[in-house]
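A.B. asks: Here's my sequence, what's the structure:
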Amino acid sequence: TWSDNPYLPKWAITELEESMLPHERVARQFGRPVQGRGLIYPIDENLIICDPFSKPLPDFWPQGMTVDFGWTDPTASLAGALDPMTDTLYVWWNYKVSDTPFIVHAQAIREVAERGRLPIEGDPGGMQSNQADGKKLIEEYNKELQSANLRITLAENEVHAGLVRVYRRMITGKLKIVNTCASLLHE
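C.D. replies: Numbers count the residues shown, from 1 in each chain. Got it, this is the predicted structure:
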C-alpha cells in the first residue's frame, strides 16, 4: 500500500488522491483491482440536482452544447451554462437516443442551439468515415446545421482528465444538473 512506502510523503499521497476518481483510489492505494465495478461518480444525487431556472439566464453567462455521436450506443447531447460569478456549471438540457438517423439528432440539437446561438462541440470520433459511403459524420451534421448558422467543432477528448474535472465539480457543488435531465441523471 502507499502507507508501506517510506519514500512517499503525505503531501504526495494527498496530491495523488486528488488526481484520481474514487473508484481508482482503492486499486492505486491498496493494489485491489476494481476495474469495471461500481459507479464512476459515487456521490449523493442531491448534491448535484437543482430545479429548472424560473427566468432566463443572464446574457453574460457563457453557454454551449456537446454531442457524442452514436447509433447502437446512443447519440447524446447536453446544453449548459456557466455562472462566472460562482464558477458553477449548470446542465439544463439533455438528449439521448439510439438507433436513429443522424438527421433526427441534428434537428433536436438545432432546435435548442439556435434559440441561444449556442456553440456546439462534438466528439472527435465524429470525424470517422462512414463505412458505407466514406462521408464523415460530423460533416453531415454540419450540413444540416448550416442553415441556422450553426457548426459543430471538435472537442478535446481528454477522457480521464475530464472525468476528474467533472467529479471535482460535483463534490464542490460547482456542477448542477436540472432535474428535468432524466437521461443524464440516470447515466
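A.B. asks: make it CA atoms for all contacts and neighbour counts henceforth
C.D. replies: Fine.
A.B. asks: Export the worst-scoring helix or strand of the chain on mean pLDDT to PDB, keeping only CA atoms.
C.D. replies: For the chain, scoring each helix and strand by mean pLDDT, DSSP states H and E identifies helix 22-30 as the least confident one, at a mean of 71. Taking Å, rounded to 0.1, in the frame of the first residue of the first chain, the C-alpha atoms of helix 22-30 are listed here in PDB:
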ATOM      1  CA  PRO A  22     -12.800   7.400  -6.000                       C
ATOM      2  CA  HIS A  23     -13.200   4.100  -7.800                       C
ATOM      3  CA  GLU A  24      -9.500   4.300  -8.800                       C
ATOM      4  CA  ARG A  25      -8.100   5.000  -5.300                       C
ATOM      5  CA  VAL A  26      -8.700   1.600  -3.900                       C
ATOM      6  CA  ALA A  27      -6.800   0.000  -6.800                       C
ATOM      7  CA  ARG A  28      -3.900   2.500  -6.600                       C
ATOM      8  CA  GLN A  29      -3.700   2.800  -2.800                       C
ATOM      9  CA  PHE A  30      -4.100  -0.800  -1.800                       C
END
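A.B. asks: any idea which element A106 lies in?
C.D. replies: Taking DSSP states H and E as the criterion, A106 maps to helix 102-116.
A.B. asks: How about A81?
C.D. replies: Applying DSSP H and E, one finds A81 within strand 75-83.
A.B. asks: angle of the helix or strand encompassing G64 against helix 102-116?
C.D. replies: Element membership for G64, per DSSP H and E: strand 63-68. Strand 63-68 runs at 170 degrees relative to helix 102-116, counting by axes from the mean of the first three to the mean of the last three CA atoms, to 10 degrees.
A.B. asks: which stretches of this structure form helices?
C.D. replies: 10-18, 22-30, 102-116, 137-145, 159-171, 182-186 (DSSP state H).
A.B. asks: Worst mean pLDDT among those helices?
C.D. replies: Among the helices of the chain, helix 22-30 carries the lowest mean pLDDT, a mean of 71.
A.B. asks: Can you list the buried residues in that helix?
C.D. replies: The neighbour-count check on helix 22-30 (16 or more other CA atoms under 10 Å) flags P22, H23, E24, R25, R28 as buried.
A.B. asks: just checking, the fourth one touches E17?
C.D. replies: What it means is R25. Yes - with contacts counted by CA atoms under 8 Å, R25 reaches E17, the gap being 6.7 Å.
A.B. asks: Mind listing the shared neighbours of those two?
C.D. replies: Here R25 and E17 share no contacting residue, scored by CA atoms under 8 Å, 6 or more residues apart in numbering.
A.B. asks: how many neighbours does the nearest residue to V97 once chain neighbours are set aside have?
C.D. replies: Using CA to CA, 6 or more residues apart in numbering and skipping the chain neighbours, the partner closest in space to V97 is P74 (5.0 Å). Neighbourhood size, P74 [other CA atoms under 10 Å]: 15.
A.B. asks: who are the neighbours in contact with P74?
C.D. replies: Taking CA under 8 Å, 6+ apart, one finds K96, V97, S98, D99 in contact with P74.
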